[in-house]
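Enquirer: Have a look; sequence and predicted model below, questions after that.
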Amino acid sequence: GQNIDQPTEMTATEGAIVQINCTYQTSGFNGLFWYQQHAGEAPTFLSYNVLDGLEEKGRFSSFLSRSKGYSYLLLKELQMKDSASYLCAPRAGANNLFFGTGTRLTVIP
Amino acid sequence: EAQVTQNPRYLITVTGKKLTVTCSQNMNHEYMSWYRQDPGLGLRQIYYSMNVEVTDKGDVPEGYKVSRKEKRNFPLILESPSPNQTSLYFCASKTGGDEQYFGPGTRLTVT
């Protein structure tokens, strides 16, 4: 079965750092994706982790611990345009992606 | 420009009237998929296709049909839509183990 848990909402200040956590229980786990989705728009790819550790990509970093079933997305130097939902999506096998309900991040001035 | 396109973007229809939502990608991707997104439930997979003439059920296939006659197209068919199929629908495609590229979405309302 699949179980994905991430906070529903978070608020952070422009210029700050925010960490969005995700825990998962995924049969046949084969990597974890993070997507960003602005309201009413399509999800867009942010990061992918298949091995334990931190992957850094500019202002965004993502961490994975497979033994703990845990991942986080770290956003640095927050900008107003980062206000969006962030979707944690573990993958099972080669193709089956399961999405969490998302964390709605609001960035305030 | 590499993209996934969906049509229509918005549709209001009545219960029982058959409809098709088209999806097309120009990236020569083997894998295509349909999701629906509902408040509080996240994105749920309806059907997916590994390649031409190969389709399989996702988590919520009831009430939907798909076909994959060409690599670039993956239409979603609702033979007899019902109000519980009111949702935001996304088509996506990918190649290999890469990330999925999503279309812009189709907002469907069934009255």
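Expert: Arrived safely, thanks for sending.
Enquirer: gap between the most centrally placed residue in chain B and residue A:34?
Expert: Nearest residue to the geometric centre of chain B (CA atoms, centre = their mean): residue B:34, 3.2 Å. Plainly put, residue B:34 is 21 Å away from residue A:34 if you go by CB to CB, to the nearest Å. For every residue, glycine as well, the C-beta is placed using N, CA and C.
Enquirer: list the buried ones in the helix or strand encompassing residue B:21?
Expert: According to DSSP states H and E, residue B:21 maps onto strand B:19-25. For strand B:19-25, a neighbour-count test (16 or more other CB atoms under 10 Å in any protein chain shown) marks B:19, B:21, B:23, B:24, B:25 as buried.
Enquirer: likewise stretch B:90-106?
Expert: Result for stretch B:90-106 [16+ other CB under 10 Å]: buried residues B:90, B:91, B:92, B:93, B:94, B:99, B:100, B:101, B:102, B:103, B:105, B:106.
Enquirer: Likewise for stretch A:29-42?
Expert: Buried residues in stretch A:29-42, counted by 16+ other CB under 10 Å: A:29, A:31, A:32, A:33, A:34, A:35, A:36, A:37, A:42.
Enquirer: tell me, which of the buried residues of stretch B:90-106 make contact with chain A?
Expert: Among the buried residues of stretch B:90-106, the ones lying near chain A by CB under 8 Å from any CB of the partner chain are B:90, B:99, B:100, B:101, B:102, B:103, B:105.
Enquirer: Which residues of chain A lie near chain B?
Expert: A:4, A:31, A:33, A:40-45, A:48, A:87, A:89, A:94-102.
Enquirer: how about a cut-off of 7 Å?
Expert: Residues of chain A lying close to chain B (CB under 7 Å from any CB of the partner chain) are A:33, A:42, A:43, A:45, A:48, A:94, A:95, A:97, A:99, A:100, A:101, A:102.
Enquirer: Give the buried subset of those as a PyMOL selection command.
Expert: Buried residues among those (16+ other CB under 10 Å), as a PyMOL selection:
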select buried, chain A and resi 33+42+43+45+48+95+97+99+100+101+102
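Enquirer: Among the residues of chain A next to chain B, which lie within strands?
Expert: A:33, A:45, A:48, A:97 (DSSP state E).
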